[in-house]
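>>> what would the 3D arrangement of this be:
(chains A and B)
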Number of protein chains: 2
Amino acid sequence: MGMINVVGTGPGSVANITPEALQCIQDADVVIGYATYLDLITEYLADKKVISSQMMQEVQRCTLAFEEAEAGASVAVVSGGDPGIYAMAGLIYEIAVERDSDVEINVIPGLAALNSCAARLGAPLMHDFVAISLSDLLTPWEVIEKRLHAAASADFVIAIYNPKSKRRESHIEKARDIVAQYRPLTTPVGIVTAATRDNEQIVVTTLADMLDQEINMQSCVLIGNESTYTWRNKMVTPRGYAGKYQLAK
Amino acid sequence: MGMINVVGTGPGSVANITPEALQCIQDADVVIGYATYLDLITEYLADKKVISSQMMQEVQRCTLAFEEAEAGASVAVVSGGDPGIYAMAGLIYEIAVERDSDVEINVIPGLAALNSCAARLGAPLMHDFVAISLSDLLTPWEVIEKRLHAAASADFVIAIYNPKSKRRESHIEKARDIVAQYRPLTTPVGIVTAATRDNEQIVVTTLADMLDQEINMQSCVLIGNESTYTWRNKMVTPRGYAGKYQLAK
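The predicted structure follows:
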């Protein structure tokens, strides 16, 4: 019996892949993943069986990972970002359950969009936050709306995944309008697109103006809480509600 | 004028530090940090000026980072986990604002507790989630309670930071009781203590039994959403509310 390591390659540069993740890829007999993520690590793929997204869809790829592992291979399923945050770890476990598989499964974390986008914007996630995906492919839109209301009303910093695609241009507009019911239009908003990649774009704007900015499938949108402010084009969320208490200590 | 890189070293093993983070430490003239994090990277600290937590408190250390950078040094401020999630990036920016400093500041992300604990537990963060700290040192407890209600009522997966300290034994009990108002006592709960360290402990339990488990300052507690289930001692949150729709595709 082989094993499956679900490996995260982070935002999109080799400098952001952990040594543990790279080691798992190097030790694998079979590497499976979406072509974009494999392109990042081609130099580590020589002499391996490589199964990329050109060949088949997500569920088929993951099923094949089990077939290879059950036949004795050490398999690396490669995922961009962190496989444990909205990514491949879930599908692998769902298929494991369906097969009641004895294959050993490990999740090797990577930097998620949340980590890398926050870093680019300054210090927006210094206080309680939510991550919400606006994709209604598998989630009813009413559930998403309910969460936006809950998050906005309880003053969470809000990180929006999948803000926009061709099929759902209006979701980010609706999300903004919900948050604007609870927070002033001057609330800082950060938009990071393609973090660490060649086409990276970083915008710090406000709830009033965010919809005038380019937002696409590769964007992550961070909306500040009541206390978040902007300084020299960075977003800063203070660590508490005690003002500068901690600086005076 | 020098610069300050706020560098994340992840959960606690060198295999989880990104090459970018390690490079920043190697390139620094001055390395500043809490002793526990510096112990992990002692081999990279030869010939550097090292300022550790034994010598002074957090605000003093960060202020010194600015003094060194303003005098021309390249400074690495080292933080465990991800400096951008409840960690040092915030204090550095708050001090930068106070000084209106021209020092260049970069945040180099690392794996947060969220990333590494989720990986250890299986696939708990496949759907929308919140991170909430139970520390009321800088945040009124009423705000924390309000957020727990909001998160639990809108079916977010809930990641609890700082669940317990000697000064606030009862916070985790109160948090559990609030969540139990909205979710069945059979809801899966994962507790990861000291992820990737020698004393790592991983427990998968339920909302009913979680308080019988060891929970301390080094623990992160993840409470599943309505759909999260347990399989072979792992937590699995399905990617949507469409059942096994995606497996049949």
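>>> ok, the residue nearest the centre of chain A - contacts?
Among the residues of chain A, the one closest to the centroid is A:Ala113, at 3.9 Å (C-alpha atoms, centre = their mean). Applying C-beta atoms under 8 Å, 6 or more residues apart in numbering or on different chains, we find A:Ala113 in contact with A:11, A:81, A:85, A:161, A:192, A:195, A:220. All C-beta spots, glycine's among them, are computed from the backbone N, C-alpha and C.
>>> the fourth one: neighbour count?
In other words, A:Tyr161. By other C-beta atoms under 10 Å in any protein chain shown, 20 other residues sit near A:Tyr161.
>>> that one: what's it in contact with?
If you count contacts by C-beta under 8 Å, 6+ apart, then A:Tyr161 has A:86, A:113, A:131-135, A:220 around it.
>>> quick one: which of the residues you listed sit in strands?
Among the contacts of A:Tyr161, the residues falling in strands (DSSP state E) are A:131-133, A:220.
>>> okay if I get the contacts of A:Tyr161 as a markdown table plus pLDDT and distance to B:Leu148?
Listed next are those as a markdown table, based on pLDDT from 0 to 100; distance: C-beta to C-beta, whole Å:
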| residue | pLDDT | distance to B:Leu148 |
| --- | --- | --- |
| A:Tyr86 | 95 | 23 |
| A:Ala113 | 96 | 25 |
| A:Ala131 | 98 | 17 |
| A:Ile132 | 98 | 17 |
| A:Ser133 | 97 | 22 |
| A:Leu134 | 96 | 24 |
| A:Ser135 | 93 | 26 |
| A:Cys220 | 97 | 25 |
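>>> mind giving me the domain ranges of chain A?
What the record gives for chain A is the domain set A:3-111, A:114-236, from automatic domain parsing.
>>> of all those, which one is nearest B:Phe66?
domain A:114-236 (14.5 Å; C-beta to C-beta).
>>> end to end on that closest one, go ahead and measure it.
Taking C-alpha to C-alpha, to the nearest Å, domain A:114-236 runs 15 Å from one end to the other.
>>> for A:Pro124, see how far away A:Gly224 is.
As judged by C-beta to C-beta, to the nearest Å, A:Gly224 and A:Pro124 stand 6 Å apart.
>>> overlap of the contact sets of these two?
With C-beta under 8 Å, 6+ apart, A:Gly224 and A:Pro124 have common neighbours A:157, A:188, A:190, A:235, A:237.
>>> and these as TSV, adding distance to chain B and pLDDT?
TSV is the format used below for the shared contacts of A:Gly224 and A:Pro124 (distance: C-beta to the nearest C-beta, whole Å; pLDDT from 0 to 100):
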residue	distance to chain B	pLDDT
A:Val157	9	98
A:Pro188	13	98
A:Gly190	12	98
A:Met235	9	98
A:Thr237	7	97
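>>> mind checking which of the residues you listed land in strands?
Short answer: those in strands (DSSP E) are A:157, A:188, A:190, A:235.
>>> just to revisit the earlier point, out of the contacts of A:Tyr161, which end up buried?
A:86, A:113, A:131-135, A:220 (16 or more other C-beta atoms under 10 Å in any protein chain shown).
>>> sorry, back to before: neighbour-wise, which of the shared contacts of A:Gly224 and A:Pro124 leads?
Ranking the shared contacts of A:Gly224 and A:Pro124 using other C-beta under 10 Å puts A:Thr237 first, with 28 neighbours.
>>> show me what contacts that one?
A:123-127, A:157, A:224-225, A:227-228, B:90.
>>> check whether stretch A:32-51 comes near chain B.
No - counting by C-beta under 8 Å from any C-beta of the partner chain, chain B has no neighbours in stretch A:32-51; the shortest distance is 12.9 Å.
>>> how about that stretch: buried residues?
So, applying 16+ other C-beta under 10 Å, buried residues of stretch A:32-51: A:32-34, A:37-38, A:40-41, A:44-45, A:50-51.
>>> out of these, which sit inside strands?
A:32-33, A:50-51.
>>> related to what we said a few turns ago, ok, the residue nearest to the centre of chain A to A:Gly12 distance?
10 Å.
>>> and for A:Ile51?
Counting by C-beta to C-beta - A:Ile51 and A:Gly12 are separated by 21 Å.
>>> can I get the contacts of A:Tyr161 in a markdown table with distance to A:Ala175?
Formatted as a markdown table, the contacts of A:Tyr161 follow (distance: C-beta to C-beta, whole Å):
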| residue | distance to A:Ala175 |
| --- | --- |
| A:Tyr86 | 16 |
| A:Ala113 | 16 |
| A:Ala131 | 13 |
| A:Ile132 | 8 |
| A:Ser133 | 11 |
| A:Leu134 | 6 |
| A:Ser135 | 12 |
| A:Cys220 | 13 |
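>>> relative to B:Gln57, which of these is nearest.
Using C-beta to C-beta, those come closest to B:Gln57 at A:Ala131, 32.2 Å.
>>> count the residues that sit near the closest residue to the closest one other than its chain neighbours.
In this structure, A:Ala131 finds its nearest non-sequential neighbour in A:Ala159, 4.7 Å apart by C-beta to C-beta, 6 or more residues apart in numbering or on different chains. Neighbour count for A:Ala159, taken as other C-beta under 10 Å: 26.
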